[in-house]
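Just a sequence and a predicted model for now, questions to come.
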Amino acid sequence: DVFNTRGVRTASQSRMLADNVPDTDCHAQERLRAAGGVLMGKTTTWEFAHGGPSWDVLAPPAHNPWNTERTPAGSSSGAAAAVAAGLCLASIGTDTGGSIRGPAAACGVAGLKPTYGRVSRRGAMPNSPSQDHVGPLAWCVEDLAIVLQVLAGHDRFDSTTTALDVPDYRSQLGNPITGLRIGVPYAWFTEETTVGAPTLAAFEAALAVLRDLGAIVVPVTLPPLVLYEDTKKIIALCELFSHYGEGLRLNPELHGENFRGRVIAGALVPAEDYLHAQRMRACLADAVQVVLRDADLLALPTSEPAGKLVPTPPSALFTKLAYNAAFSVSGNPALSVCSGFDQDGMPLSLQLVGRLFDEGTVLRAGHQYERATPWRARRPNCGR
């Protein structure tokens, strides 16, 4: 519900846009409609893809189909939940710091954040435009490849999109991954943060599958995770406030408490800090590209299994370290796929990251992993 749809309300889950009915489609909907896609409906998001989960906005948050007491994560929460519940073949989400990959991981589906510039953001509600990405969620990687084929390409109305040719993603899926070098930044999740035992066990098991498929797994070193997190958040806070600050000043009561508490902090960040963060971003992005000169892919967990669906205080934005924002900062394509289930039956996840504009290799590795594992044969009960 952050994508403009002609004649269908686009409210971004906010009372501020409760009566907003666009007269044009976003770029993604234009492409999907032209390819024969059928719009089934709009899915729940966090307010303006940022403030949530919240119960004081236009509609209540989505629930996780594997356990409706658990969160589907965000911000593309309804997009992932709809795919997991079997309501649609695929859905479209936005990802500024993990908002496609996090929900995909929580709901046990496949979700791809393409390279920055591969898919137009025209007609999508802005969050942090220098870090916003648009991408697909689907039950399996093959469906992601089909949808990405439709979405990808230059848009003359979005100057950030690339004119590079779009390869045939689906035709690459069957190629083996023998000899692919997969780098693992172990320090991020064994030293800077500590993942739970089920998450780590599932990740090591996924690496074993990739090795059996012929990949070569090597440790790699990247700058500290906290630098990527802080850089992403400073940039996003400033850009969010530049878009929504006026509405917060004029009509604060039309925004949820979570969104207000998160975005208002952008008013306190000096311009010099924003510029420093953008310079730091360039350095951090370069560090990822240097590592990917020797490695074809990076692998790491996407997130921990979904927790309880409860209100999250705005302060959590500033204290949590996650494994997704780094690749929104760097712009690299990043995929989340299901890598098993924990003792409560909740999905576990694997994240694969590729070189800039090399979505084909990312999708190929994810597809080969899915074919070698049984996880796509298991569906949520959804009350049936």
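Nice, I can see it. Values in this document were obtained by computation on a predicted structure and should not be read as measured data. Residues are numbered from 1 along each chain as shown.

Just the pLDDT at the residue lying closest to D95 once chain neighbours are set aside, thanks.
The spatially closest residue to D95, leaving aside those adjacent along the chain, is K113, at 4.1 Å (C-beta to C-beta, 6 or more residues apart in numbering). All C-beta spots, glycine's among them, are computed from the backbone N, C-alpha and C. Note on K113: pLDDT of 98.

Count the neighbours of K113 for me.
34 (other C-beta atoms under 10 Å).

so how far is G41 from it?
Using C-beta to C-beta, to the nearest Å, K113 is found at 23 Å from G41.

if we can go back for a sec, wait, the residue nearest to D95 sits on P136?
No - counting by C-beta atoms under 8 Å, P136 is not a contact partner of K113; they are 9.8 Å apart.

now stretch 1-18: how far from the chain's centre is it?
Taking C-alpha atoms, centre = their mean, to the nearest Å, the mean C-alpha location of stretch 1-18 is offset from the chain mean by 20 Å.

need the contact list for G214.
176-180 (C-beta atoms under 8 Å, 6 or more residues apart in numbering).

Low-confidence ranges, this protein, go.
383-384 (pLDDT under 70).

one step back: for the residue nearest to D95, give its distance to K308.
Per C-beta to C-beta, K113 is found 26 Å from K308.

ditto for T71
With C-beta to C-beta as the criterion, T71 and K308 are 7 Å apart.

Check M40 too.
M40 sits 28 Å away from K308, going by C-beta to C-beta.

now do D168
Taking C-beta to C-beta, one finds D168 at 42 Å from K308.

likewise G108?
Distance from G108 to K308, by C-beta to C-beta: 17 Å.

With neighbour numbers in mind, choose between those two.
When G108 and K308 are compared for neighbours, G108 comes out ahead with 31 against 9, by other C-beta under 10 Å.

Quick check: bridge partners of A124?
Taking DSSP bridges, one obtains F3 as the residues bridged to A124.

So it sits against A28, correct?
Yes - using C-beta under 8 Å, A124 makes contact with A28 at a distance of 7.3 Å.

which residues do those two both contact?
Shared contacts of A124 and A28, counting by C-beta under 8 Å, 6+ apart, come down to 3, 134.

In three-state terms, label S349 for me.
strand (DSSP: H, G, I helix; E, B strand; the rest coil).

In contact with it, which residues are there?
S349 makes contact with 101, 104-105, 108, 202, 301-303, 336-339, according to C-beta under 8 Å, 6+ apart.

which ones among those residues are found in strands?
Among these, the ones falling in strands (DSSP state E) are 301, 336-339.

Can you work out which other helices and strands pack against the helix or strand containing L200?
Per DSSP states H and E, L200 falls inside helix 197-212. With contacts taken as 3 or more C-beta pairs under 8 Å, 6 or more residues apart in numbering; DSSP states H and E, helix 197-212 sits against strand 181-184, strand 216-219, strand 297-301, strand 334-341, strand 347-354, helix 359-372.

Dump these into JSON lines; add distance to A236 as well.
Shown next, in JSON lines, are the helices and strands packed on helix 197-212 (distance: least, C-beta to C-beta, whole Å):
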{"stretch": "strand 181-184", "distance to A236": "26"}
{"stretch": "strand 216-219", "distance to A236": "30"}
{"stretch": "strand 297-301", "distance to A236": "21"}
{"stretch": "strand 334-341", "distance to A236": "17"}
{"stretch": "strand 347-354", "distance to A236": "20"}
{"stretch": "helix 359-372", "distance to A236": "23"}
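
can you tell which of the ones you listed is closest to E142?
helix 359-372 (6.0 Å; C-beta to C-beta).

could you pull out the helices for the protein?
Secondary structure of the chain (DSSP state H): helices at 27-34, 77-84, 101-107, 141-151, 169-172, 186-187, 197-212, 225-250, 257-263, 271-294, 316-319, 325-330, 359-372.

winner for burial among those helices?
Most buried of these, by mean neighbour count (mean count of other C-beta atoms under 10 Å): helix 101-107, with a mean of 33.

circling back: filter the contacts of G214 to the buried ones?
177, 180 (16 or more other C-beta atoms under 10 Å).

wait, which of the contacts of G214 is closest to V288?
L180 (17.1 Å).

re the thing from before, quick one: which of the ones in strands among the contacts of S349 is the most crowded by neighbours?
Neighbour count (other C-beta under 10 Å) singles out S336 as the most crowded of these, with 33 neighbours.
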